[in-house]
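Peer 1: Okay, predicted coordinates and the sequence, questions at the end:
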Amino acid sequence: MKNLKNVPQIILKSKCINHPIDYKWNNKKMQNFLDPLEGNEELENILSQINHKASVGLTAALLEWVYWRFRKYTTASNDVEKRIEALWYSIANREYTMPLDFDTDLDIPTSGSVNGPMWVALMTVKMVDVRYRKGSYFIQSEIIGLVLLARHLSPKKKTFDKWFEKTIYELIRLFPCQYGNENLDESDEAVYDSSSENLICRDFFFDSEFKYSVESSEKAINDFIGNLDYKANPFLSIQRNAC
């Protein structure tokens, strides 16, 4: 899976492509996705068990669910595509991408059943990127809302649930978090260095034939990076042919 031009089979199966906008959307739901910690302690605990690069990979994969859901409905999906590419590239080396800043002046429309979810998704991704760059021990907590949002947008939620359950099981098994944050709080200045963590690739999330190994994952992400258009994506600051 060398680029984002091919729709993953699991997303096709979920009926996301060209499906009518038939989910409920209002300010209350929007706030629940932006501030999802209360009532989602089990999901928070599950996500806390994966490491930083797995967290960024999961973020990119979840954002891809949003991307395909809205590709027909808004040209903003082009911006989403660039951010997905940047997330994968940052897994190879976060120094080679630009910060995924979004709506810093808070003047982008947030109302409506397309603009609202899109705004939530991109703002959440911005916060994941910020925590990843800072080496925050609480990066995983930023993903909760994106999980809930991607599920909410999916026409066939059972398909999404099966994908997520299988994915998170494998992430915990292969990319476990190496620390506990029981003695930390949100104000803690401790910095976690994720540079030695193994690389994870898009194929891990979306290719049912992919067999994970350190070598196969490195090759897959290098193939993906090698197909990026660096001139067309402002979030890619340095061209690199291999990790």
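Peer 2: Okay, I see it. Numbers count the residues shown, from 1 in each chain.

Peer 1: Now name the helix or strand holding the residue nearest the centre of the chain.
Peer 2: In the chain, the centroid-proximal residue (CA atoms, centre = their mean) is Thr59; its distance is 1.4 Å. For Thr59, the enclosing helix or strand under DSSP states H and E is helix 52-70.

Peer 1: quick one: buried residues of the helix or strand where Trp119 lies?
Peer 2: Applying DSSP H and E as the criterion places Trp119 in helix 115-134. Going by neighbour count (16 or more other CB atoms under 10 Å), the buried part of helix 115-134 is 115-129, 131-132. Every residue, glycine included, has its C-beta placed from N, CA and C.

Peer 1: I'd like to know which elements it is packed against.
Peer 2: Counting contacts by 3 or more CB pairs under 8 Å, 6 or more residues apart in numbering; DSSP states H and E, helix 115-134 is packed against helix 27-34, helix 52-70, helix 77-92, helix 144-153.

Peer 1: Skipping its backbone neighbours, what lies nearest Ile172 in space?
Peer 2: Of all residues not flanking Ile172 in the chain, Gln49 sits nearest, at 4.8 Å (CB to CB, 6 or more residues apart in numbering).

Peer 1: from memory the one you found sits against Phe175, does it?
Peer 2: No - checked against CB atoms under 8 Å, the pair Gln49 and Phe175 is beyond contact range at 9.3 Å.

Peer 1: quick one: low-confidence parts of this protein?
Peer 2: Counting by pLDDT under 70, the chain contains low-confidence residues at 1-2, 180-188, 239-243.

Peer 1: what do you get if the cut-off is 80, keeping everything else the same?
Peer 2: Within the chain, the set of residues satisfying pLDDT under 80 comprises 1-3, 104-107, 180-189, 238-243.

Peer 1: about what we covered before: the helix holding Thr59 vs helix 77-92, what angle?
Peer 2: Put simply, helix 52-70 runs at 170 degrees to helix 77-92, going by axes from the mean of the first three to the mean of the last three CA atoms, to 10 degrees.

Peer 1: what about helix 52-70, distance to the chain center?
Peer 2: 3 Å (CA atoms, centre = their mean, to the nearest Å).

Peer 1: Could I get the CA-only coordinates of it as PDB?
Peer 2: Extracted as PDB, the C-alpha positions of helix 52-70 are listed here (Å, rounded to 0.1, in the frame of the first residue of the first chain):
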ATOM      1  CA  HIS A  52       4.200   6.400  20.800                       C
ATOM      2  CA  LYS A  53       4.900   5.300  17.200                       C
ATOM      3  CA  ALA A  54       2.000   2.900  17.400                       C
ATOM      4  CA  SER A  55      -0.200   5.800  18.700                       C
ATOM      5  CA  VAL A  56       0.800   8.000  15.700                       C
ATOM      6  CA  GLY A  57       0.200   5.100  13.300                       C
ATOM      7  CA  LEU A  58      -3.200   4.500  14.800                       C
ATOM      8  CA  THR A  59      -4.000   8.200  14.500                       C
ATOM      9  CA  ALA A  60      -3.100   8.200  10.800                       C
ATOM     10  CA  ALA A  61      -5.300   5.100  10.300                       C
ATOM     11  CA  LEU A  62      -8.300   6.600  12.100                       C
ATOM     12  CA  LEU A  63      -7.900   9.800  10.200                       C
ATOM     13  CA  GLU A  64      -8.000   7.700   7.000                       C
ATOM     14  CA  TRP A  65     -11.500   6.500   8.000                       C
ATOM     15  CA  VAL A  66     -12.600  10.100   8.200                       C
ATOM     16  CA  TYR A  67     -10.800  10.900   5.000                       C
ATOM     17  CA  TRP A  68     -12.700   8.300   2.900                       C
ATOM     18  CA  ARG A  69     -16.000   9.100   4.600                       C
ATOM     19  CA  PHE A  70     -15.800  12.800   3.500                       C
END
